[in-house]
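# Got a predicted structure plus its sequence, pasted below:
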Amino acid sequence: MDNLIQIHQTLLEHSRETIARELFHEIDWSQRLICIKGFRGVGKTTFLLDYVKTNYADDKSCLYVNLNNFYFTKRKIYNFADEFYKKGGKVLLLDQIHKYPHWSSELKECYVDFPELKIIFSASPVLRVLEGNDSLKGIVKVYHLEGLSFREYLNFHGKFEFRRYKLTEILENHQQIAREITDQVKPLAYFAEYLQSGFYPYFLNNKPFYNESLLKHINLALEIDVTYLNQIELKYLPKLRKLLQVVNSQVPFTPNVSKISTDVKTSRATVMNYLRYLKNARLINLLFSNGDEDQQKKPDLVYAHNTNILYAIEPDNVNNRNLRSTFFYNQVGYQHQIKSSEIADFKVNEQYHFTVGGKYTEPDNEDTYAAADMIEEGEGNKIPLWLFGFLY
């Protein structure tokens, strides 16, 4: 344990510049069992360490450990937590819980046997934390650490402190909100760069190799998270990679599953399963008309999960229409329900219909909204597209 304590202290002493994340203020930290899920490289480890530095900087009752450490090949989480608890431990942060077998049963044992111990653990977005783990239902709270919102990106680069806005605030008062922001900064001056290389925090350490870093993490997600956690044999990895390339070369599109299955050289059922796996891995988004994401149901449309992935995997498919709709789905869909709409591009929270387009895009009627690119300020039901990046 002493070596792990030393690693904990070293990480805190040599931490790099970080970005303040909105999720930090949304988590109920009083919960005893908290899960932080997120894509590789999105900043889960940094997020956990920031929590420690903010609340337990010199407090030995808090300990961060990475389950990638070979120490946990010979010792159980439960036994480690037991020793830590008996020595006065109160907060235990377990990074990469998906690397450890039997994690769910041991977390439940810790929860029952150590009533004064809080455990915060990170996991791959693919990991089924509650699904199939009935013993954890009702005792673990799951949160998703998404990539940077446009607001978070803008705050970091411009040293601003813009707050987040609720969707209803934007719909009802977007002109004043946009005016208050544009009085301090020209958002469109940052928007194109954000769409290309601002969603993930890779730019903090090695901006010239942003795409290479993203591609590395995409491949690791496919090779380890998607295959291992879904129990897919590695020999099928090339088919997963091919499917992701095919999807990004056509998004946004209505999938012809028969044609895709021919291109990927696999069955229709397998294509449907793979699409679901890629969605769970935060690599693509699937749009349904009724919100029913049954694995046997074909989605109405498929999108890249975010615009950065599109630039990295299939830059030839980058165009304004694609970037705008992908950005809208990504930023709004993080915390709101999105479905396809019969009268516009998207239906949000069962009541708001949005058409996404350029500066000349107008609402189809008085009951719909337009998310228009290349404008600083809107009017009526016409709202600047960039403003939807202030939802988190």
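Great, that's in hand. On a predicted model such as this, the values are computed, not experimentally measured, just so you know.
# For residue 240, grab phi and psi.
With angles defined as degrees, to the nearest 10, residue 240 sits at phi -60, psi -40.
# and it, how far is that from residue 279?
13 Å (CB to CB, to the nearest Å). C-beta: built from backbone N, CA, C; applies to glycine.
# And those two? Which one has more around it.
residue 240 (24 against 18; other CB atoms under 10 Å).
# you'd agree that one is up against residue 226?
Yes - counting by CB atoms under 8 Å, residue 226 is a contact partner of residue 240 at 6.3 Å.
# okay, and the common contacts of those two?
232, 277, 278 (CB atoms under 8 Å, 6 or more residues apart in numbering).
# Shouldn't the second one be within a strand?
No - assessed with DSSP: H, G, I helix; E, B strand; the rest coil, residue 277 is helix; it does not lie in a strand.
# quick one: it and residue 230 touch, right?
Yes - assessed by CB under 8 Å, residue 277 is found in contact with residue 230 at 5.5 Å.
# Can you tell me what sits against the host helix or strand of residue 217?
Per DSSP states H and E: residue 217 is located in helix 210-220. With CB under 8 Å, 6+ apart as the contact definition, helix 210-220 has outside contacts at 39-41, 197, 200, 202-203, 206, 241, 244, 283, 308-309, 311-313.
# which of those count as buried?
Buried members of those, counted by 16 or more other CB atoms under 10 Å: 39-41, 197, 200, 202-203, 241, 244, 283, 308-309, 311-313.
# so where do the strands sit in the stretch 151-300 of the chain?
Along the stretch 151-300 of the chain, counting by DSSP state E, counting those that start in this stretch, strands occupy 284-287.
# tell me the helices in it, going along the chain?
Along the stretch 151-300 of the chain, counting by DSSP state H, counting those that start in this stretch, helices occupy 167-182, 188-197, 203-206, 210-220, 227-229, 237-250, 257-264, 268-280.
# helix, strand or coil for residue 354?
Classified using three-state DSSP, residue 354 is strand.
# wait, what's in contact with it?
Neighbour list for residue 354: 328, 341, 344, 345, 346, 347, 348, 368, 369, 370, 371 [criterion: CB under 8 Å, 6+ apart].
# try 6 Å
344, 345, 346, 369, 371 (CB atoms under 6 Å, 6 or more residues apart in numbering).
# For residue 5, grab the count of nearby residues.
Residue 5, neighbours per other CB under 10 Å, totals 14.
# Could you grab the helix/strand/coil label for it?
Assignment for residue 5 (three-state DSSP): helix.
# per-residue confidence for it?
Looking at residue 5, its pLDDT is 93.
# ok, for it, nearest residue in space, not its chain neighbours?
Spatial nearest neighbour of residue 5, chain neighbours left out: residue 63 (6.6 Å); criterion: CB to CB, 6 or more residues apart in numbering.
# Is the one you found bridged to anything, and to what?
Taking DSSP bridges as the rule, residue 63 bridges to residue 92.
# Residue numbering should commence at 20 henceforth.
Happy to do that; since the first residue is 20 now, the last one works out to residue 82.
# For it, give its distance to residue 374.
51 Å.
# Low-confidence stretches in the stretch 70-219 of the chain?
Along the stretch 70-219 of the chain, no part satisfies pLDDT under 70.
# and the residue nearest to the spatial centre of the chain, what does it touch?
Residue closest to the average C-alpha location in the chain (CA atoms, centre = their mean): residue 165, at 2.8 Å. Contact partners of residue 165, counting by CB under 6 Å, 6+ apart, are residue 353.
# what about it, which SS state?
Criterion first, three-state DSSP; result for residue 165: coil.
# ok, it to residue 144 distance?
Residue 165 is 10 Å from residue 144, by CB to CB.
# Name the helix or strand for the residue nearest to residue 136 when sequence neighbours are not counted, please.
Using CB to CB, 6+ apart and skipping the chain neighbours, the partner closest in space to residue 136 is residue 104 (5.1 Å). Assigned by DSSP H and E, residue 104 belongs to helix 96-105.
# Tell me the confidence at residue 312?
60.
# now do residue 318
Predicted confidence (pLDDT) at residue 318: the value is 94.
# That'll do, ta.
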